[in-house]
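**Student:** Sequence first, predicted coordinates after that:
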Amino acid sequence: MESVIDILESKFGAKRDEKAKWDACVVVPKEYLHNAVEFLKNDPSMQFDMLLDLAGIDYLTYPNHEGPRFAVSYAFKCVKKPGSRVRLKVLVSEADLKVPTITDLYASANWLEREVYDQYGIVFEGHPDLRRILNHVEFVGHPLRKDYPAQKRQWLSTTDFLIPELEKRLEDKGYRIIQRSKEIMPVEEEYLEGSIRE
Amino acid sequence: MIVLDPNGEKVNLMALNVGPTHPATHHCVRLLAALDGETIVAGVHEIGFMHRGFEKMVERGTWQQVIPYTDRLNYCSAMMNNIAFCRAVENMYGIEIPERTKVLRVIVNELSRINDHFICVAAAFQDLGGTTPFMYAFNPREEIMLIWEKLTGARLTNSFARIGGLYRDSYNGFEEDVLAACKSVEKALKDLHACLDRNRIFLDRTVGVGKISAERAISYGWTGPCLRATGVESDLRKDEPYYDYETYDWEVVVGTQGDANDRLQVRLAEIEESVKIVRQALKRLAPGPVDIVDPRIRVPAHKLAYQDMEALIGRFKSVYEGIRVPEGEYYCASECANGELGFTIVSDGSGHPYRIKVRSPSFAHVSAFNELVEGLTLADSMATLPGLNMIAGELDR
């Protein structure tokens, strides 16, 4: 694993993550992230062909923390070479909540990036369909941020419509929509009538 | 909706909602499918109906209080999740658990895997209209559940593993019960294969349905039996062995086609391998302690608290303040019934976990679901879903 870290350090200005004491992890500058991931995936000596996980981290209440508030940790492994794993980490400041997407490299990145966006509000630039995934479409805020109170409740009234996403999916597959679905977006009042909110 | 298909022909598509509480989705997942007749032309799916905020909730408690939450990830094999989490934390401490605990954890792991796979196969049969195999699979499962009751006091959410040990040692007669369960598992396997292998209806419904290539499966992050069904020999128990899995005599099962039938057959074959491991592990089960002796990690035994002041303090501190896991970040994965269950753990050195992110295998499997079912008929899509063994608990967390 040392060689992977050395190569990333020399090629992409990455730095070994001091916090990772038990596995290999490097902090990559945001602007090199896509290149670094592409290198990890496609270089014959690397072949990290599986993106396992994206974990957002909010350092707001972390003791003695210096630097940007958020981080996203990418876990990769190589299926062909058992036991070879590496993690990349990008630091994201609150002022600039943007990270380049890697959905063009890994199919799993699509949902994983949506989840980080949902829970932390970190925007993945270039993501084809960045919307909430675990939380409801009407949800306000980003629940895994440390300043979101765990007890806070929200009133959610409508279902996720999904028809626009379906139309987009059809268009991606080469279909052209002539006449849209007759289903209409539900009116908010209809849902709230007779609800416990009143 | 009326659309022009890629060949320029006009087609009238119907948008149909399947789920969230469709009988064949087992849990809650919603598929909005554009149907041309009976064929799914395109689909989008939505998850999150069972999102309970696992990751937010665990940040409020101590490290030991995470364990009951992990039960609720994959509740068909709850103890595997406990063990996977405890292993991650133990690795952070750098402690070695006693030999007996290792063997007991292997037995519990493999029996859980058998349970989980049986549920998956049984449910798949049920969805295709076969009730008999469902019962064949659930009889031995019930025997294992009775062992769980005796061992842990609970059937479904057992919370058996502890950081640095187990909740308690096995009971008298545990070995005999496990051996008897192994026997009935093998008998059930025979019955299931008789129902399944040359069943024309079943094969017509599953062979070649919901196919995925190995390359695509890897790109989607598939692990476990679903990836192995595509022919990729990848199993963490062999690749990155823990608990001496490499010293047991067993094989990694792989499929060839990566279709719905392969995913179920791989699971049935894995049950066989698990039984092999359990039998070998039972022979290794030697008497000894199950907990490590370190009051900073594992609470001292309850009876000691009445005699020994240090033990009393140890119990008090670890219950009220929580154990202090070394500061740092770590990703640790274990091979669970559905695939690689990973925990990205951030510890700030206090008694509470700072952040725990679960890498759940179902999340990766289900993310490919709409790609799998596009081009299939609606009925086939419901034959594809159970093979993925979607468990909403770990999918939505």
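**Tutor:** Received the coordinates, thanks.

**Student:** Could you use CA atoms for every contact and neighbour count after this?
**Tutor:** Fine.

**Student:** which stretches of the stretch 151-300 of chain B form helices?
**Tutor:** B:174-196, B:200-206, B:214-219, B:224-228, B:236-239, B:260-284 (DSSP state H, counting those that start in this stretch).

**Student:** Give me whichever of those helices is most buried.
**Tutor:** With neighbours taken as mean count of other Cα atoms under 10 Å in any protein chain shown, these reach their highest mean count in helix B:224-228, at a mean of 29.

**Student:** same for it, what does it pack against?
**Tutor:** Applying 3 or more Cα pairs under 8 Å, 6 or more residues apart in numbering or on different chains; DSSP states H and E, we find helix B:224-228 packed against helix B:214-219, helix B:260-284, strand B:339-347.

**Student:** just how off-centre is the second one within its chain?
**Tutor:** Averaging C-alpha positions (Cα atoms, centre = their mean, to the nearest Å) puts helix B:260-284 14 Å from its chain's average.

**Student:** For chain A, which of the helices and strands packed on helix B:224-228 is the nearest?
**Tutor:** Chain A lies closest to helix B:214-219 among those, at 5.3 Å (Cα to the nearest Cα).

**Student:** residues making contact with that closest one?
**Tutor:** A:49-51, A:79, A:106-108, B:227, B:230-232, B:258 (Cα atoms under 8 Å, 6 or more residues apart in numbering or on different chains).

**Student:** if we go to 6 Å?
**Tutor:** Helix B:214-219 is contacted by residues A:50, A:106-107, B:230 when judged by Cα atoms under 6 Å, 6 or more residues apart in numbering or on different chains.

**Student:** As CSV, could you dump the C-alpha coordinates of that helix?
**Tutor:** What follows is helix B:214-219, C-alpha atoms only, in CSV (Å, rounded to 0.1, in the frame of the first residue of the first chain):
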residue,chain,number,x,y,z
ALA,B,214,-19.1,-9.1,-13.9
GLU,B,215,-17.7,-5.8,-15.1
ARG,B,216,-20.9,-3.9,-14.6
ALA,B,217,-21.5,-5.6,-11.2
ILE,B,218,-18.1,-4.5,-10.0
SER,B,219,-18.7,-0.9,-11.2
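
**Student:** what separates that helix from the chain centre, distance-wise?
**Tutor:** The answer for helix B:214-219 is 20 Å, by Cα atoms, centre = their mean.

**Student:** Let's test this: mean pLDDT of the helix or strand B:I67 falls within, rounded?
**Tutor:** Assigned by DSSP states H and E, B:I67 belongs to helix B:66-71. Mean pLDDT, helix B:66-71: 91.

**Student:** Packing partners of that helix?
**Tutor:** helix B:78-93 (3 or more Cα pairs under 6 Å, 6 or more residues apart in numbering or on different chains; DSSP states H and E).

**Student:** What are the contacting residues of stretch B:64-82?
**Tutor:** With Cα under 6 Å, 6+ apart as the criterion, stretch B:64-82 contacts B:58, B:109, B:112, B:116, B:157, B:159, B:161, B:393-394.

**Student:** Quick check: nearest residue in space to B:V121, chain neighbours excluded?
**Tutor:** Counting by Cα to Cα, 6 or more residues apart in numbering or on different chains, B:V121 lies nearest to B:L264, which is 6.0 Å off, once chain neighbours are set aside.

**Student:** So which of the contacts of helix B:214-219 sit within strands?
**Tutor:** Counting by DSSP state E, the contacts of helix B:214-219 place A:M50 in strands.

**Student:** neighbour-wise, which of the contacts of helix B:214-219 leads?
**Tutor:** The most crowded member of those, judged by other Cα atoms under 10 Å in any protein chain shown, is A:M50 (27 neighbours).

**Student:** just to revisit the earlier point, nearest to chain A, of the contacts of stretch B:64-82?
**Tutor:** B:V58 (10.5 Å).

**Student:** Not counting sequence-adjacent ones, nearest residue to that closest one?
**Tutor:** B:V66 (5.6 Å).

**Student:** same deal with A:R132?
**Tutor:** Excluding its sequence neighbours, the residue lying closest to A:R132 (Cα to Cα, 6+ apart) is A:D118, at 4.8 Å.
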